[in-house]
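Enquirer: kindly generate the corresponding structure for this input.
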Amino acid sequence: MNAAYRQLTIFQLLISQHIVNKAALADQFQVSLRVIQRDLSQIRQFIAEQNLFYKLVYRRQFDGYQLITTQTSVSKQAVLVLIKIALASRSLTTAEMTQTIDGLLQLLPLADQQEIRPIIKNERFYYQPVHHGQDLLANIWELSQFITQQQAVTITYQKQHREIVVRTILPEAIIFSEYYFYVIAYNAKYDSNLFYRVDRIRHLQTTSQAITRTRAQRVEDGELRRLLHYMQPGKKMTLQFKFWGIVEAALDRFPTATVIKEYPAEKAVLIEATVFSWGAKMWLLSQGANVQVVAPQSFVDDFQAELKRMADRY
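Expert: Model (predicted):
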């Protein structure tokens with residue numbers, strides 16, 4: 001066995017989280033302790049020259065050498081939480097969810113992986129993705145690159161009722177909400193920022209068409225996330241509603257919300273929030289008799305009309 005192969009074998013042991021003992025290695029490879037020491041020095045030099053996120057250290061209590069990472073690593077607790085969130089989202093196909101979970105687990109030492117696998121085993125077995133059946137990871141990454149490069153693209157898009165259209169857009173942000181990934185993009189034809197579900201994009205390609213926007217037309221996805229609900233835009237507005245439900249749930253749903261008045265006798269509060277109207281209306285309707293919209297009057301009228309249309313169904 002030549003020196004290069006011997007050093008590669010030792011490095012493979014180290015990177016597999018083994019602690020290597022010089023005497024044991026010398027016996028295994030039938031060489032002297034000095035040769036093994038030289039091998040370890042060569043490995044240490046290789047790590048330094050290649051700027052790898054590792055350091056070779058001697059563990060006195062084990063009388064051996066160990067490779068430790070110098071990069072800040074993610075904790076097993078964080079990986080478990082991320083996997084749980086991913087599974088609950090139901091947003092990826094079974095194959096892509098498997099790929100994502102296995103990739104996250106590979107960030108951890110083998111012992112931590114083995115600790116997490118039984119915890120998620122049942123959820124992985126019964127995982128049921130949403131019904132679109134489209135692989136998303138490649139498209140999401142590609143769209144993210146177009147956002148960074150401010151590159152316009154032409155997409156073939158399947159609308160809600162299966163109509164196929166072609167749109168030239170400038171992708172600006174990608175947001176996940178309620179099981180689906182959306183790309184928010186400026187459409188020059190409609191002079192508006194519109195929402196496209198990523199799973200409904202059947203084809204996309206770059207275009208030489210230049211799309212420019214004013215500063216006011218640009219999307220700030222962090223700010224948008226505070227105001228947008230159920231990926232339904234509508235008109236930006238400040239509303240007030242009286243609420244008899246769990247206050248924390250309402251404040252969590254609307255990040256801009258504050259309690260401006262309390263009604264202890266009724267066990268209710270008055271909440272004010274800046275929102276986009278359509279998504280806000282969908283959530284408020286879901287709360288049934290726990291909600292009374294107070295202002296603005298135009299929204300109250302719209303809410304009452306919607307309630308009448310609902311009642312007429314029965």
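Enquirer: what number of residues lie near residue 65?
Expert: 22 (other Cβ atoms under 10 Å). Every residue, glycine included, has its C-beta placed from N, CA and C.
Enquirer: report how many residues lie close to the closest residue to residue 197 other than its chain neighbours.
Expert: Using Cβ to Cβ, 6 or more residues apart in numbering and skipping residues adjacent in sequence, the residue nearest residue 197 is residue 180, 5.3 Å away. Look at residue 180: counted by other Cβ under 10 Å, it has 19 neighbours.
Enquirer: per-residue confidence at residue 180?
Expert: For residue 180, the pLDDT comes out at 84.
Enquirer: partner residues bridging it?
Expert: Note on residue 180: beta-bridge partners by DSSP bridges are residue 177.
Enquirer: that one and residue 195 touch, don't they?
Expert: No - counting by Cβ atoms under 8 Å, residue 180 sits too far from residue 195 to count as a contact (9.9 Å).
Enquirer: circling back: show me what contacts the residue nearest to residue 197?
Expert: 91, 130, 197, 198, 199, 231 (Cβ atoms under 8 Å, 6 or more residues apart in numbering).
Enquirer: mind redoing it with 10 Å?
Expert: Contact partners of residue 180, counting by Cβ atoms under 10 Å, 6 or more residues apart in numbering, are 89, 90, 91, 130, 132, 136, 195, 197, 198, 199, 200, 231.
Enquirer: any idea how far residue 254 is from the closest residue to the third one other than its chain neighbours?
Expert: Which is residue 91. The spatial neighbour of residue 91 that comes closest, neighbours along the chain excluded (Cβ to Cβ, 6+ apart), is residue 179 at 5.8 Å. With distances taken as Cβ to Cβ, to the nearest Å, residue 179 is found 20 Å from residue 254.
Enquirer: neighbour-wise, which of these two wins?
Expert: When residue 179 and residue 254 are compared for neighbours, residue 254 comes out ahead with 22 against 15, by other Cβ under 10 Å.
Enquirer: which residue is the nearest non-sequential neighbour of the more buried one?
Expert: residue 273 (4.0 Å).
Enquirer: now the element after the host helix or strand of residue 39, going C-ward?
Expert: Taking DSSP states H and E as the definition, residue 39 sits inside helix 33-49. Using DSSP H and E, the helix or strand that follows helix 33-49 in sequence is strand 54-59.
Enquirer: and the next helix or strand after that next one, what does it pack against?
Expert: Remark: after strand 54-59, the chain's next helix or strand is strand 64-69, criterion DSSP H and E. Packing contacts for strand 64-69, counted by 3 or more Cβ pairs under 10 Å, 6 or more residues apart in numbering; DSSP states H and E, involve helix 3-15, helix 22-29, helix 33-49, strand 54-59.
Enquirer: tabulate the ones you listed (a markdown table), appending mean pLDDT, mean neighbour count and distance to residue 264.
Expert: Shown next, in a markdown table, are the helices and strands packed on strand 64-69 (pLDDT from 0 to 100; neighbours: other Cβ atoms under 10 Å; distance: least, Cβ to Cβ, whole Å):
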| stretch | mean pLDDT | mean neighbour count | distance to residue 264 |
| --- | --- | --- | --- |
| helix 3-15 | 83 | 15 | 63 |
| helix 22-29 | 86 | 16 | 74 |
| helix 33-49 | 87 | 15 | 66 |
| strand 54-59 | 86 | 14 | 61 |
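Enquirer: is it possible to get TSV of these that adds distance to residue 301?
Expert: Formatted as TSV, the helices and strands packed on strand 64-69 follow (distance: least, Cβ to Cβ, whole Å):
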stretch	distance to residue 301
helix 3-15	67
helix 22-29	82
helix 33-49	70
strand 54-59	66
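Enquirer: go through the ones you listed and name the closest to residue 99.
Expert: Residue 99 lies closest, by Cβ to Cβ, to one member of the helices and strands packed on strand 64-69: helix 3-15, at 22.3 Å.
Enquirer: ok, and what's touching that closest one?
Expert: The contact list for helix 3-15 (Cβ under 10 Å, 6+ apart) reads 1-2, 18-20, 25, 28-29, 31, 35-36, 38-43, 46-47, 52, 54, 56, 64-68.
Enquirer: repeat that with 8 Å
Expert: By Cβ under 8 Å, 6+ apart, helix 3-15 touches 20, 25, 29, 31, 35-36, 39-40, 42-43, 46, 54, 56, 65-67.
Enquirer: chain center to stretch 60-70, what's the gap?
Expert: How far stretch 60-70 lies from its chain's middle: 35 Å, per Cα atoms, centre = their mean, to the nearest Å.
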